[in-house]
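Peer 1: please find the sequence and the predicted model below.
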Amino acid sequence: MTASCPAEYIAIAETLADAARPIAQRYFRAGIPIEAKADDSPVTKADREIETALREILAETCPDHGVVGEEMGGVPDGDGPLWVLDPIDGTKAFVTGMPVFGTLIALAIKSRFVLGVIDQPISGERWLGAAGRTTEFNGTNSHVSGCDTLAAARLFTTSPEYYGRAGLLDAFDRLRQQVLITRYGADCYAFGLLASGHADIVVEADMNLWDYAALVPVVEGAGGVMTDWQGNPLRAEGNAHVIASAKADLHAEALRCLNTENC
């Protein structure tokens with residue numbers, strides 16, 4: 001990560017998360033209509049209302065910053081501060097009444113992620129990662145586990161269907177067969193669990209920028225490692241296959257499984 005994140009930006013991120021919570025709470029399990037976007041992914045009134053509210057706050061507090069969001073678009077442009085928003089990461093979980101979705105808020109400067117928030121509005125859980133600081137979970141320091149071998153690792157992923165679409169199911173299967181436990185369907189919440197030491201590896205295929213931007217500072221600030229599947233640092237540049245691990249040695253083992261048949 002880069003130099004320390006300015007305190008005023010951390011305060012803005014907290015304000016954004018605080019604004020998103022009551023909107024998500026109001027619509028959760030309320031039977032709101034589900035629409036399909038062009039890519040067939042679901043969207044609801046809650047997604048759009050949250051992003052609108054967050055953009056209004058950013059327009060007032062830092063109008064010269066760029067903004068990219070899942071529902072209203074935007075393109076990373078230049079080296080200035082860029083906010084990346086996912087109003088409800090895990091809309092499928094949200095519309096099926098599962099409280100493992102989250103509002104994701106990130107800030108990138110010169111394409112490097114310096115600030116990230118994972119906020120779960122139903123359970124009241126919040127992870128905040130900022131460059132130069134230890135990740136916090138509800139105000140207390142958060143740390144990854146000490147797991148450094150695949151045989152002892154707890155693995156999370158959202159769904160095998162994403163690997164099938166990307167032609168990566170065999171790669172995921174190699175990794176799955178080496179770990180102690182595999183769990184599915186936690187979306188961004190899994191990365192928070194990793195940052196708090198309850199999971200050891202989270203792997204996902206073909207994530208959008210708004211899906212992973214906030215996760216990087218949270219994982220790294222808790223002592224973890226997060227890269228693409230080739231081991232490259234994640235930047236504010238576009239889609240990526242991503243993997244997060246509790247320890248560097250564990251990360252190297254997982255990458256080897258994903259990229260070679262000799263696992």
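Peer 2: Noted; the coordinates are in hand.
Peer 1: what sits against Ala21?
Peer 2: Quick fix: residue 21 reads Arg, not Ala. Arg21 makes contacts with 103, 119, 121, as judged by CB atoms under 8 Å, 6 or more residues apart in numbering. Yep, even glycine has a C-beta here, placed from its N, CA and C like the rest.
Peer 1: pretty sure it belongs to a helix, no?
Peer 2: Yes. When classified by DSSP: H, G, I helix; E, B strand; the rest coil, Arg21 is found to be part of a helix.
Peer 1: one step back: kindly indicate which of the contacts of Arg21 lies nearest Leu180.
Peer 2: Proximity to Leu180 was ranked across these by CB to CB; first place goes to Asp119, at 29.2 Å.
Peer 1: that closest one pairs with what?
Peer 2: Using DSSP bridges, the bridge partners assigned to Asp119 are Thr103, Arg126.
Peer 1: how close does it sit to Leu155?
Peer 2: For Asp119, the distance to Leu155 equals 24 Å [CB to CB, to the nearest Å].
Peer 1: and for Gly221?
Peer 2: Separation of Gly221 from Leu155 (CB to CB) stands at 21 Å.
Peer 1: of the two, which one has the most company?
Peer 2: Shown here are Gly221 and Leu155; by other CB atoms under 10 Å, Gly221 has more neighbours (27 against 23).
Peer 1: residues touching that one, list them.
Peer 2: Contacts of Gly221 (CB under 8 Å, 6+ apart): 1, 129-131, 133-135, 142, 195.
Peer 1: among those residues, the buried ones, what's the ChimeraX command?
Peer 2: Selecting only the buried entries of the contacts of Gly221 in ChimeraX, with 16 or more other CB atoms under 10 Å as the criterion:
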select :1,129,130,131,133,135,142,195
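Peer 1: return the subset of the contacts of Gly221 lying in helices.
Peer 2: Those of the contacts of Gly221 mapping onto helices are Ala195, per DSSP state H.
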